[in-house]
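Student: pasting the sequence and the predicted coordinates here, then a few questions.
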Number of protein chains: 2
Amino acid sequence: MNRRIPDSTVRRISHYLRALEVMGVQGTPTVSSEELAQQGGTTAAQVRKDLSHFGSFGKRGLGYSVPELASRLRDILGLTCRWRVVLVGAGRIGSALFEYPHFARRGYDCVAVLDNDPEKIGMSWGPVRIRPVEELELVVDALKVDIAILAVPAEAAQTLAERAVAAGARAILNFAAVQLRVPAHVHVAYVNLVVELEALSFAITQNGKGRRK
Amino acid sequence: MNRRIPDSTVRRISHYLRALEVMGVQGTPTVSSEELAQQGGTTAAQVRKDLSHFGSFGKRGLGYSVPELASRLRDILGLTCRWRVVLVGAGRIGSALFEYPHFARRGYDCVAVLDNDPEKIGMSWGPVRIRPVEELELVVDALKVDIAILAVPAEAAQTLAERAVAAGARAILNFAAVQLRVPAHVHVAYVNLVVELEALSFAITQNGKGRRK
DNA sequence: TCCTGTGAAACGGTTCACAGCC
DNA sequence: GGCTGTGAACCGTTTCACAGGA
């Protein structure tokens, strides 16, 4: 029940929650740390340690109640309210994200979409009209945006991040292939396809001695 | 120059390479570990330690030659050959990926696209025709695929991963929100939007005391 | 007995600090 | 003097092992 939670713990808890939700649909009443570990790709001791950061949710000898633990994990992850998100960049990745069904279902409301392409500005994506990127500060401030998603070219990301933060954004999900410099109170998550692909080609090169013949 | 390279090191090297490529275009001849660290969002000691796993590429008192180090890092990451990739899932994320300009430019050739939607099968994406997902084994085997990209629903991912591996794939980039179970020699990279978003909502909830009023 | 919760030990990655070479 | 390369110290996470409650 202490402070300073490892980032790895938070990510695993997100996985545990998803496994619990599947079990909930299937009607499984209780689950052991061992079973959760298998779903989450980790160990039973790790599951128990992760959960112990936040309290004692299980019953010794019995395990965890699936609906109760799911509810507690939703609380911990901050999924009991809806978050206001602005999407910056209405390109391919932006549109894929916008239509991602889990996105709205899991509590994230895309309250605005911005782009700098005159061809796109004014278009409607469902209920949302694409606005010029100049309105970033206006949107973040007036619509009380919590999270800015940057799906823009690498060169533009740093400036846009600074502008979003200055206007009040508290977290950024960055798809651009650059490391962002932001104040310590702002949280950044990275989705970097180039890094992931290069990690794979590195691993194959090391192990498998080059590509397939 | 030893074995067992931390995953974190590989990812940082990918960042260093991108920074070096920008410097190369700008004509910067040499760079210090301090400068590289700033671009990569880390420390000078970390840069030197990362590089020391693979050899000694710098000159004491002077720094690193930008083009030479870039070339060495490309070797290390396995970017000197082109990798054959199959894309499984021709939905929003799949199409965003397929059109991602860096994808082909950085050495990844998407040799086939598969889907299970009869509406999509037979459509052409540029030079590639979308094939039925039943042909996964055929494609991986005949086209000597190295990397399978799974942009499919979570329920389908595990089975498709096993099929791709059985047919000879050596690495998987998984966009589905599940942990995959694969043999140890197969490398998996994850891109999980739900986890990233939940890590952000957790961070805001902890620090900022809930969403903006 | 079964399975959780948790201190303590083990491990591995990061940071430090300095020797060594330009 | 400046900057790299690297063993050693440090520190945070994971794993172990067991006490304790159902």
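Tutor: Received, thanks. Predicted, not measured: the structure shown is a model, and the values here were computed from it.

Student: for A:Ile5, give me its contacts.
Tutor: By CB atoms under 8 Å, 6 or more residues apart in numbering or on different chains, the residues touching A:Ile5 are A:53-54, B:206. Quick note: C-beta positions are derived from backbone N, CA and C, even for glycine.

Student: same thing but 10 Å
Tutor: A:13, A:50, A:53-54, A:76, B:202-203, B:206 (CB atoms under 10 Å, 6 or more residues apart in numbering or on different chains).

Student: can I get those in JSON lines with distance to DNA strand C and pLDDT?
Tutor: Shown next, in JSON lines, are those (distance: CB to the nearest atom of the strand, whole Å; pLDDT from 0 to 100):
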{"residue": "A:Ile13", "distance to DNA strand C": "13", "pLDDT": "98"}
{"residue": "A:Asp50", "distance to DNA strand C": "9", "pLDDT": "98"}
{"residue": "A:His53", "distance to DNA strand C": "8", "pLDDT": "97"}
{"residue": "A:Phe54", "distance to DNA strand C": "9", "pLDDT": "97"}
{"residue": "A:Ile76", "distance to DNA strand C": "13", "pLDDT": "97"}
{"residue": "B:Phe202", "distance to DNA strand C": "19", "pLDDT": "97"}
{"residue": "B:Ala203", "distance to DNA strand C": "19", "pLDDT": "96"}
{"residue": "B:Gln206", "distance to DNA strand C": "19", "pLDDT": "87"}
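
Student: state the distance from A:Asp115 to A:Val152.
Tutor: Taking CB to CB, to the nearest Å as the measure, A:Asp115 falls 9 Å from A:Val152.

Student: which helix in chain A has the most residues?
Tutor: Assignment by DSSP state H gives helix A:7-26 as the longest helix of chain A.

Student: next SSE downstream of that helix?
Tutor: Per DSSP states H and E, the first helix or strand lying C-terminal to helix A:7-26 is strand A:30-31.

Student: the bottom helix or strand of chain A by mean pLDDT?
Tutor: Here the helix or strand of chain A ranked lowest by mean pLDDT, DSSP states H and E is helix A:101-105, holding a mean of 83.

Student: can you list the neighbours in contact with it?
Tutor: The contact list for helix A:101-105 (CB under 10 Å, 6+ apart) reads A:18, A:82, A:85, A:87, A:97-98, A:108-110, A:126, A:149, B:92, B:153-154, B:177, B:193-194, B:197.

Student: now do stretch A:19-33, average pLDDT.
Tutor: Mean pLDDT, stretch A:19-33: 97.

Student: and if you look at stretch A:123-134?
Tutor: Mean predicted lDDT for stretch A:123-134 stands at 96.

Student: what are the ranges of the strands in chain A?
Tutor: Per DSSP state E, chain A carries strands over the ranges A:30-31, A:64-65, A:83-88, A:108-115, A:124-125, A:128-132, A:147-150, A:171-174, A:187-190.

Student: contact residues of chain A facing DNA strand C?
Tutor: Within chain A, the positions adjacent to DNA strand C are A:31-34, A:44-45, A:48-49, A:51-52, A:56-64 by CB under 7 Å from any atom of the strand.

Student: among those residues, name the ones in helices.
Tutor: Those of the residues of chain A next to DNA strand C mapping onto helices are A:33-34, A:44-45, A:48-49, A:51-52, per DSSP H.

Student: from those, pick the one nearest A:Arg170.
Tutor: Using CB to CB, A:Leu51 comes nearest to A:Arg170 of those, at 26.1 Å.

Student: against chain B, how distant is the residue lying closest to that closest one once chain neighbours are set aside?
Tutor: Distance criterion CB to CB, 6 or more residues apart in numbering or on different chains; nearest residue to A:Leu51, sequence neighbours excluded, is A:Phe57 at 5.8 Å. According to CB to the nearest CB, to the nearest Å, A:Phe57 stands 17 Å off from chain B.
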